[in-house]
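**Student:** Quick one, fold the following:
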Amino acid sequence: MNHCFSEGSNIVLDCFSCLDPKNSLSMFDVDKLARLADIYHADFSDDDRGTIREQHDTYVLQVKKHASFSSCEYFQSLAIYEDGSN
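**Tutor:** Prediction:
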């Protein structure tokens, strides 16, 4: 992969890989998320970038409490709201 993409692209791809929800979010890495926020600084306020670590910890704790996320295997499925009416 290193020969197919630029160094900058490899960094972004590596950072996005931490969003894999498999195995109870074991790949989530707050340092990589913070790096993504820095790379895409125009999309995040200074306050958001300053609190990303606390937000990450809260998010992971809350998600792990919900049984519907235990079988989550794709990043897109983290954005799906399940209200039980399906």
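
**Student:** I'd like the average pLDDT over stretch 44-52.
**Tutor:** pLDDT averaged over stretch 44-52 equals 88, rounded to a whole number.

**Student:** whoops, I mixed them up, stretch 61-73
**Tutor:** Averaging pLDDT residue by residue across stretch 61-73 gives 71.

**Student:** What is the subsequent helix or strand relative to the helix or strand containing residue 9?
**Tutor:** Secondary structure assignment for residue 9, by DSSP states H and E: helix 7-17. Reading on from helix 7-17 to the C-terminus, the next helix or strand found by DSSP H and E is helix 22-25.

**Student:** next SSE after that next one?
**Tutor:** Tracing the chain past helix 22-25, the next element assigned as helix or strand by DSSP H and E is helix 30-39.

**Student:** contacting residues around that following helix?
**Tutor:** Contact with helix 30-39 is made by 11-12, 14-19, 43-44, 48-49, 52-53, 56-57, as judged by CB atoms under 8 Å, 6 or more residues apart in numbering. C-beta here means a position set from N, CA and C on the backbone, and glycine is covered the same way.

**Student:** quick one: buried residues of that helix?
**Tutor:** With burial defined by 16 or more other CB atoms under 10 Å, the residues of helix 30-39 counted as buried are 30, 32-37.

**Student:** Buried among the contacts of helix 30-39? Make that a ChimeraX selection.
**Tutor:** A single ChimeraX command is used to select the members of those judged buried by 16+ other CB under 10 Å:
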select :12,15,18,44,52,56
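
**Student:** So residue 29 versus residue 17, what's the distance?
**Tutor:** If you measure residue 29 against residue 17 using CB to CB, to the nearest Å, the figure is 9 Å.
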